[in-house]
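[1] sequence plus the predicted model coming up.
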Amino acid sequence: MNNPTTPARDAAALALPKGAAASGILAKLRLDATTSEPYYQQLKRQIQNLIHGGDISTGSNLPSERVLAEALGVSRTTIKRCYNDLRHARLLSTHGRGGTQVQAAQKDYHPMGKLKGFADDMRERGLAASTQLVTHDVVQDRMIASIFGRPSVNKFAKLVRIRLADGQPLAREVAWYDLALAPPMAEWDTRGSVYTFLQERCGLTLTTAEQTIEAVMSSEAEAKAFQYAAPSPCLLLKRKSFSSDNKLVEYVESTYRGEAYAYRLNLAG
């Protein structure tokens, strides 16, 4: 975690002094010293949300690294890392003496969880969705590391959950999250939307995904979850979800009961 340059920062939330640009972006930024989330990630998340929410319009100038660092009491390295990440995400651009500007405000932005998650899918089918957590661990897995393109020693948050519709088990889901990109996922209490948590706590917006579907026979774990007496046909959905800067954050394998679930996709010409 980045340390502020001023020695005494014991307050739960670090706010700007009243005399430092009470209006505008400076007045909207806050640093929380009580969490393990690095300061540069806190700033990145907050500025990202301000841009997506329209609070900072396209073409607006952001404070220089020096000005923002002094106002927040952190090092210029912290601000530089934040700004570099936002440039890499194509949200900021630098124009010499023109300073750092907002490159594009994505008015049509929505977190992936709001596009169509399990709960939304079930709601459209007139069913009540619920979830049972089986395990939530931090793991090292050579095969998963290769999927993410990470070294074999990389750590991942692994969640195993049973998805239910009207109280009946419909899918067994195993999800992995790259802790090098999203460290707070190791401590997520699994309540609420994972995509909201990734955005608000990890500063990650998942914007694109790749998904495949294949027919499989249920594994021993899936047969137990679905109460099958013998291996039965299932649908296996594999999804890779990427951040706005095209980094793989989430990999999910969801196995659905073949006799109880039909995959639907609306197409527009």
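    Perfect, thanks for sending it.

[2] what about the closest residue to Thr190 other than its chain neighbours, how many neighbours?
    Computed as C-beta to C-beta, 6 or more residues apart in numbering, the closest residue to Thr190 that is not its neighbour in sequence is Leu133, at 5.3 Å. Just so you know, the C-beta spots here come from the backbone N, C-alpha and C atoms, and that holds for glycine as well. Other residues near Leu133 number 12, with proximity taken as other C-beta atoms under 10 Å.

[3] quick check, Leu133 in contact with Leu159.
    Yes - using C-beta atoms under 8 Å, Leu133 and Leu159 qualify as a contacting pair, with a distance of 7.2 Å.

[4] which residues do those two both contact?
    Contact criterion C-beta atoms under 8 Å, 6 or more residues apart in numbering; residues shared by Leu133 and Leu159: Thr190.

[5] how far away from the center of its chain is stretch 72-92?
    Centroid separation for stretch 72-92 versus its chain: 18 Å, with C-alpha atoms, centre = their mean, to the nearest Å.

[6] now Glu173: how far from Val134?
    The span separating Glu173 from Val134 equals 9 Å under the rule C-beta to C-beta, to the nearest Å.

[7] one more: Gly149?
    Gly149 sits 27 Å away from Val134, going by C-beta to C-beta.

[8] those two: which has the busier surroundings?
    Neighbours per residue, other C-beta under 10 Å: of Gly149 and Val134, the larger number sits with Val134, 14 against 10.

[9] phi, psi of Ala119?
    Dihedral angles phi and psi of Ala119 (degrees, to the nearest 10) take the values phi -60, psi -40.

[10] roughly how far apart are Met217 and Ile47?
    Taken as C-beta to C-beta, the spacing of Met217 relative to Ile47 amounts to 48 Å.

[11] before we move on, the earlier item: distance from the helix or strand encompassing the residue nearest to Thr190 to the middle of the chain?
    In this assignment (DSSP states H and E), Leu133 forms part of strand 129-139. With C-alpha atoms, centre = their mean as the basis, strand 129-139 stands 17 Å off its chain's centre.

[12] check stretch 186-195 too.
    Computed by C-alpha atoms, centre = their mean, the chain-centroid distance of stretch 186-195 equals 10 Å.
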